[in-house]
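J.: just coords:
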């Protein structure tokens, strides 16, 4: 069975966004908590816990992002590293998983500073980036937060999925009036 699809010239080909004409700077949380790589891990854990946040940027001495620490990174501290699976074959050890990954997990499990456990992949956008672009990036990259920087690359804010959803809710509530 074939189905023909016809587009009306009066109909837009894309669905209008609930966050149209908004920028990252309009919605982000300004002046987020940040830590440095040499910050002791207990201090970072305390910040996350006290302020009920799930992650924060790690910055260098100039304020530029070099990583991010999140609750996920801290799970190794609680769970420890699992020994890699292996088999013995003719008096040789054959690892079934990459020993390098075990070393990385062990390093995170025993880490004492933020730099030991943080992940170095940071997703950033500038203040003027369209909110729609930020939402698409977060969806495509499967990230929960985006670090917002100014033109010089200094951290000035953080945008979370929750920020975007709250903006959408506000837009829908306003439209319903």
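T.: Yes, it's here. Everything quoted here is computed from the prediction, not taken from an experiment. Numbers count the residues shown, from 1 in each chain.

J.: Now stretch 142-162: buried residues?
T.: 143, 145-149, 155-160 (16 or more other Cβ atoms under 10 Å). Placement of C-beta: from N, CA and C, glycine included.

J.: Residues in contact with it: which ones?
T.: Defining contact as Cβ atoms under 8 Å, 6 or more residues apart in numbering, one finds that stretch 142-162 is touched by 24-25, 27-32, 34, 54-57, 59, 62-65, 68, 70, 122-127, 134, 137-138.

J.: Under the pLDDT cut-off, which ranges of the chain? List them.
T.: Along the chain, segments meeting pLDDT under 70 span 1-19, 76-87, 89, 91-111, 176-177.

J.: in a helix, that's where residue 47 is, yeah?
T.: Yes - counting by DSSP: H, G, I helix; E, B strand; the rest coil, residue 47 is found in a helix.

J.: Touching, it and residue 55? I think so.
T.: No - the pair residue 47 / residue 55 is not scored as a contact, 10.6 Å apart, by Cβ atoms under 8 Å.

J.: neighbour-wise, which of the two wins?
T.: Using other Cβ atoms under 10 Å, the more surrounded residue of residue 47 and residue 55 is residue 55, with 23 against 16.

J.: Now do that one against residue 69, distance only.
T.: 6 Å (Cβ to Cβ, to the nearest Å).

J.: Many thanks, we can stop here.
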